[in-house]
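> have a look at this prediction, sequence included:
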Amino acid sequence: MLAGLGTALVVILVAACAPQSPDHSSWTDQAHQALEDTASQVATVSLLLRLEREGKVPGKYQQVVAQDSESAVGATMAKFGGEQPEPRDDTTYRRVTGLMSDASDLLSEVRIAIVRRDAAAYPKLLDRLGDVENRLNAAAEDLR
Amino acid sequence: MKKYLAVALGILTAIGGFVDIGDLVTNAQVGARFGLSLAWVVAIGVLGICVFAEMSGRVAAVSGRATFDLVRERLGPRVGMLNLVASMLITFLTFVAEIGGVALSLQLVASVHLLLIVPFVGLAVWVLLWRAKFSAIENVLGLLGLALVVFAVGLWQLGPDWGALAQQAATADKPGDEHWRTFAYYAVALFGAAMTPYEVFFFSSGGVEERWTAEDISTMRANVLVGFPLGGLLSLAIAGSAWVVLGPLQISVDSLGQVGLPVAAALGKVGLAVAILGFVAATFGAACETGLSVGYSIAQYFGRQWGKYVRPKEAVGFHVVLVLATLAATAFLMTAVDPIMVTEVSVVFSAVALPLTYFPILVVANDRDYMGEHVNGRLANGLGSIYLVVICVAAVAALPLMIWTRMGQ
Amino acid sequence: MTGTDEQRRENRLTGRIDGALHLLDRQLLDCEGRMLGKVDDVELTRVGDDLAITGVLTGAAALLPRLGGSLGGALTRKWAELRISEPHRTRPWRIDMSEVDRLDSAVHLSVRRDGVLRRDRDAHRLGRLTGMDVLDPDGERIGRVLDARFEPGPDGTLVLRSVIVGHGRPGSLLGYDRRGDQGPWLVRTVVCRLHRHSAIVGVAASDISWDEGTVRLRERPREAPGHPLD
């Protein structure tokens, strides 16, 4: 009984530490999930800026939401980056990670603008958020 | 007149106290992804917590025994100990989630790093548990928790297509792009969020502390049978407004800030401020309840003096447990674990742990040695038996679904 | 709940009780309603031919052995080793039955809790009797002691009259053997089905060996444990 438990524990620990090498379909699933998660965060910040335009969200709240989204995308990137792709997925890998890092950079820009209360920059940022969101969604759709 | 006031106060605090971090997060998540197609689970969960709380409240009123007294009396010291360990691990996890929820709510106002807020929240919770009167905690935080009604107002203000919402709720119409397995996973999570075991530990222990007798049963029933369903409606309002605002944008909820956005969209800054007040009160109240539940349950298993009605000097063990639990929960949060993640895990494990305490209560509520003429009637037993099956199914399904869907992905 | 609620429930000390069901693991309350522990075990003493309940036991030394199996044994030994200089550390604290006032959903003492615990003697324990293997006249194991039934003797002390024999864990009858109408139907049916072979045996027709941990019957049990409502 104890030995069995010990073995199970060791297996879990080893599995947790080794680099993840999923097969093609599960890697694709994870890529799809990562894109959707990122798109959700971009959409959140986009909604936030639209609400800001209507004067509906206090400044501190904006900062927290923007920071949360930014760090969530960072976490998604880190997690997905740790998944080992098969050689045939290299093109998809470059597209997905490229899109995610675009999104991450953009969210950082938005956060900087929000903390500075740089309202003049919002319309432009909103356009770019919409653009990145569309590209993320299109990529996610291609991976279905 | 005074009695009606007491009943009204009890109902209001039951409404405000129903929603905690688990309900907030899970309902917003489910609402954004599934709309009201899982509303039936909230209904089942709310009826379930009514059945469970009514039974344990009645047992507490008639026999003067709280939940973990009965668990040990019916299951013996060995199984009772396993039960205690499992239930307390999960209640502790919920405690962590609630303290994290308070910190997240305050962060929305203060905009400083979460780990700077957590220690102060831990300290505040402990001071309240040590010094504040039981009724003050329950009434003040319960009433402030009513601020969450702003979600219902917001939903109304958003002017959704009520017919479509009603139809989605009535037909359990899952959006086409979601799997059935994630649907089932979130069904279990919602069930666990509505039927969190600590609610019953706290409710029955509170009844013993307030020295309920058989004459208080009708008041207790009014609180449970009116207050909890109205609290359930609040949950549905959170889900509904998330569906209307976040659903079309394909936003999935994984921060408390996102939970508040529908209110901001509907009611602007003032509405958002009220919602945040509701977040703080609901999570703070639940943090106190879960913390007390840990102390209550451990003391009840060992028969030690417990309670807020005796001086801390007389219930040293109880207060030591409260200090240690609060310290441990704060330390756990200081590892920078994501409180939303802890919440998601805790509601699922709540569903796993439910049968452990539900079953002994159901047996004792039927035992004339304890209950005399107040044993379960046909209705309580009919529903009680159905829920015994429902709870067991949810408990068995919870972990496989959690692994299979990778926590609802 | 408190000593002031006198008419809360009847006092069970004056009638027939099942030891595991009604007495073990109950809350101990003093005369002012303050809590001082659980009935972690029950002290049994041989009085003439009978085994009588002479006290309730409380504290780790009574509780740990009842956790059963290797865990209970190991914890009990650890408890003793925790402070080797202390004599009789595995001897539990006891409260004499003369200081117990009432038994309902809790055990009410007639005195204040301050200094009520004694550690002056060792005796048999109910927690050891329940769980003992039961052997039929041929020495075949037919089950375990699930519960022990006590009745007031001539001097008012509760005396062991019979044991309930069956499969499973002590206390797992959950009281469903005592009343045929106790609901809910679903639980009653399952419990009665699991315990369909349970039987009740008078102690006059059996020998309890505390050393071996067995109860040997002199005749085969026939009677099911259900008994008329008291």
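Arrived safely.
> so where's chain A uncertain?
Scanning chain A for pLDDT under 70 picks out A:1-21.
> can you give me the helices in it?
Ranges of helices in chain A, per DSSP state H, are A:2-17, A:24-53, A:59-81, A:90-115, A:122-142.
> and those: which comes nearest residue C:125?
helix A:2-17 (29.7 Å; Cβ to Cβ). C-beta: built from backbone N, CA, C; applies to glycine.
> measure residue C:119 to residue C:81 for me?
Using Cβ to Cβ, to the nearest Å, we find residue C:119 at a distance of 18 Å from residue C:81.
> hang on, the earlier thing: reformat the helices of chain A as JSON lines; add mean neighbour count.
As requested, the helices of chain A are exported to JSON lines (neighbours: other Cβ atoms under 10 Å in any protein chain shown):
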{"stretch": "helix A:2-17", "mean neighbour count": "9"}
{"stretch": "helix A:24-53", "mean neighbour count": "21"}
{"stretch": "helix A:59-81", "mean neighbour count": "20"}
{"stretch": "helix A:90-115", "mean neighbour count": "18"}
{"stretch": "helix A:122-142", "mean neighbour count": "16"}
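> distance to chain C added to those helices, as CSV?
Output for these, formatted as CSV (distance: least, Cβ to the nearest Cβ, whole Å):
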stretch, distance to chain C
helix A:2-17, 11
helix A:24-53, 41
helix A:59-81, 40
helix A:90-115, 51
helix A:122-142, 48
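> show me the one of those helices that comes nearest residue C:222.
Taking those one by one with Cβ to Cβ, helix A:2-17 is closest: 43.6 Å.
> and the closest residue to residue C:96 other than its chain neighbours, what are its bridge partners?
Take residue C:96 and drop its neighbours on the chain: the residue closest to it by Cβ to Cβ, 6 or more residues apart in numbering or on different chains is residue C:55, 5.0 Å away. Beta-bridge pairing for residue C:55 (DSSP bridges): residue C:43, residue C:96.
> residue C:55 reaches residue C:43, doesn't it?
Yes. With contact defined as Cβ atoms under 8 Å, residue C:55 counts as touching residue C:43 (3.9 Å).
> ok so, going back, and residue C:119 and residue C:81? Which one has more around it.
residue C:119 (15 against 9; other Cβ atoms under 10 Å in any protein chain shown).
> residue contacts, the more buried one?
By Cβ atoms under 8 Å, 6 or more residues apart in numbering or on different chains, the residues touching residue C:119 are C:88, C:91, C:92, C:93, C:94.
> what of residue B:105?
B:256, B:276, B:279, B:280, B:283.
> next: residue C:152.
So residue C:152 contacts C:13, C:14, C:15, C:158, C:159 (Cβ under 8 Å, 6+ apart).
> next, format the residues you listed as TSV and append pLDDT, distance to residue C:134 and neighbour count.
TSV is the format used below for the contacts of residue C:152 (pLDDT from 0 to 100; distance: Cβ to Cβ, whole Å; neighbours: other Cβ atoms under 10 Å in any protein chain shown):
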residue	pLDDT	distance to residue C:134	neighbour count
C:13	84	27	22
C:14	86	29	12
C:15	86	25	14
C:158	92	22	27
C:159	93	20	20
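> nearest to chain B among these?
residue C:15 (10.7 Å; Cβ to the nearest Cβ).
> excluding sequence neighbours, find me the nearest residue to the spatially most central residue of chain B.
Centroid-nearest residue in chain B, with Cα atoms, centre = their mean: residue B:196, separated by 4.8 Å. Closest residue in space to residue B:196, ignoring its immediate chain neighbours: residue B:350 at 4.7 Å, by Cβ to Cβ, 6+ apart.
> the one you found reaches residue B:87, doesn't it?
No. Contact criterion Cβ under 8 Å: residue B:350 and residue B:87 do not qualify, at 9.7 Å.
> nothing else from me, thank you.
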